[in-house]
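**Q** here's my sequence, what's the structure:
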Amino acid sequence: MKLEDVEKYGLTAQGKHELMKYLEGGRLTRKEAMLSKCFECCNGYADGRVDCQVESCPIYGFMPFATHKNRPRRELTPEQKVELRERFKKGRTGGNPETD
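**A** Here you go, the predicted model:
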């Protein structure tokens, strides 16, 4: 894929800017690389920016328009939930939740 093709034919969608940046020689973050690959693989989302439904793709769970049913989920244990609540309290009060 060439930069001129992306500029001329690519729809405005997540990943276009990142793909153009890469084709111009720029460095991408991991997220930018994933977005640009999805944009390229789906031909600029020419079909209306919908889920590609290629669930066998290793980055499918991170696709911008995926239905997110296969997106990795993090399940917290009850202990982790308590710890997270305490950290949020500390962040809101600006100090130690036990002394505030």
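**Q** I'd assumed G15 was in contact with E40.
**A** Yes - the criterion here is Cβ atoms under 8 Å, and E40 meets it with G15 at 7.4 Å. No exception for glycine: its C-beta is placed from N, CA and C like everyone else's.
**Q** more neighbours, the two?
**A** G15 (25 against 18; other Cβ atoms under 10 Å).
**Q** and the more buried one, what does it touch?
**A** G15 makes contact with 35-40, 45, 64 under the criterion Cβ atoms under 8 Å, 6 or more residues apart in numbering.
**Q** could these go into TSV alongside secondary structure, pLDDT and distance to P58?
**A** Listed next are the contacts of G15 as TSV, based on DSSP: H, G, I helix; E, B strand; the rest coil; pLDDT from 0 to 100; distance: Cβ to Cβ, whole Å:
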residue	secondary structure	pLDDT	distance to P58
L35	helix	86	15
S36	helix	87	15
K37	helix	87	10
C38	helix	84	12
F39	helix	84	16
E40	helix	84	15
Y45	helix	71	19
P64	coil	76	16
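**Q** what about the helices in the chain?
**A** Using DSSP state H, the helices of the chain run over 3-9, 16-23, 30-41, 78-93.
**Q** from L76, how far off is F88?
**A** 13 Å (Cβ to Cβ, to the nearest Å).
**Q** do H17 as well
**A** Remark: distance between H17 and L76 (Cβ to Cβ) = 34 Å.
**Q** higher neighbour count, those two?
**A** Per other Cβ under 10 Å, whichever of H17 and L76 has more neighbours is H17, with 16 against 10.
**Q** wait, I59 sits on C38?
**A** Yes - using Cβ under 8 Å, I59 is in contact with C38, at 7.1 Å.
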